[in-house]
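**Student:** Provided below for reference: sequence and predicted model.
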Amino acid sequence: MDLGLKGKLAVVTGPAKGMGAAVTLGFAREGADLVLLGRDVDAIGPVAAQARAMGVAAEVIRCDVTDEGACAAAAEAALARFGRVDILVNVAGGTGPIGKTGLETTAEEFDEIVHLNMRGPFNTIRAFAPAMVAGGGGKIVNVGGTFGMRGRAMRLSYSSSKWGLRGLTKSFALELGPSNINVNLVAPGMVDGPRFREKVVPQVAAQYGISEDEAAARHASDYALGRVSTDEDVAAACLFLASDRARQITGVDLPVDGGWAAL
């Protein structure tokens, strides 16, 4: 399906690896030009090079999304280079403390992950949405998580931050809708990758005294489809919501988890 993204300008935060890289390269395959934001520009470089090899422009800008001034400067640089902003995808985020109860989590740990996962998208939307308003519309996609839809013991800080991101998404959807800007949230479940294979699977294997293959299968069995999501699954959802195919969809939470949060 042609998503009609060729020639659009997409801004992606957290593009260096995992879901962010998959989203970035997905836009490149669709012919969209790119502005890639992150603190470690060296890590983003290889992904940008892959995108350029597909024939699109890919500008890398150093930006800490928790810094309001840095986001404003990034927006100015993007507009100076391309003259418009059509799409913003907020992938950048963190996991916070794992394996701690809420009572064990420190105030500093809580503040750090809430600040990153909520203040980051808040800053980037405030920085880039005015250009969309001026240009007659746009698409914003925030990447949340299913723990922000059902909650999760031992992940209180992360879960709280993603619940908050849902509220931010819905409020911006209401406020920016009259300007023809769609604001939606993609909520991945567990995604198969280094963290799943190197941290989650060994932890489950040790907990139940089973092999790592059995642990991976046990985790997948929690989902209606019996499989763990991939980065490409998440990217596909982001691309759809960033396209005019989703022109009448705004303020939604779209789980990409094989059937866990919604069932």
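**Tutor:** Happy to help now that I have it. Residues are numbered from 1 along each chain as shown.
**Student:** Walk me through the domains of the protein.
**Tutor:** Residue ranges for each domain of the chain read 9-189+231-256, 192-228, as given by automatic domain parsing.
**Student:** Between those, which one is closest to L263.
**Tutor:** domain 192-228 (5.4 Å; CB to CB). Just so you know, the C-beta spots here come from the backbone N, C-alpha and C atoms, and that holds for glycine as well.
**Student:** okay, how far is it across the closest one, tip to tip?
**Tutor:** Terminal residues of domain 192-228 are spaced 6 Å apart (CA to CA, to the nearest Å).
**Student:** Tell me the secondary structure of the closest residue to A16 other than its chain neighbours, please.
**Tutor:** In space, A16 comes closest to A43 once its chain neighbours are excluded; the distance is 4.0 Å by CB to CB, 6 or more residues apart in numbering. Classification of A43 using DSSP: H, G, I helix; E, B strand; the rest coil returns helix.
**Student:** Would you quantify the distance from A43 to M190?
**Tutor:** Per CB to CB, to the nearest Å, A43 is found 23 Å from M190.
**Student:** Looking at the two, which is more packed in?
**Tutor:** M190 (21 against 14; other CB atoms under 10 Å).
**Student:** Surely that one is in contact with V256?
**Tutor:** No: M190 lies out of contact with V256 (CB atoms under 8 Å); the separation is 10.6 Å.
**Student:** Quickly list what's touching both of these two.
**Tutor:** Common contacts of M190 and V256 (CB atoms under 8 Å, 6 or more residues apart in numbering): S229.
**Student:** Tell me how far G258 lies from G83.
**Tutor:** Taken as CB to CB, the span from G258 to G83 is 40 Å.
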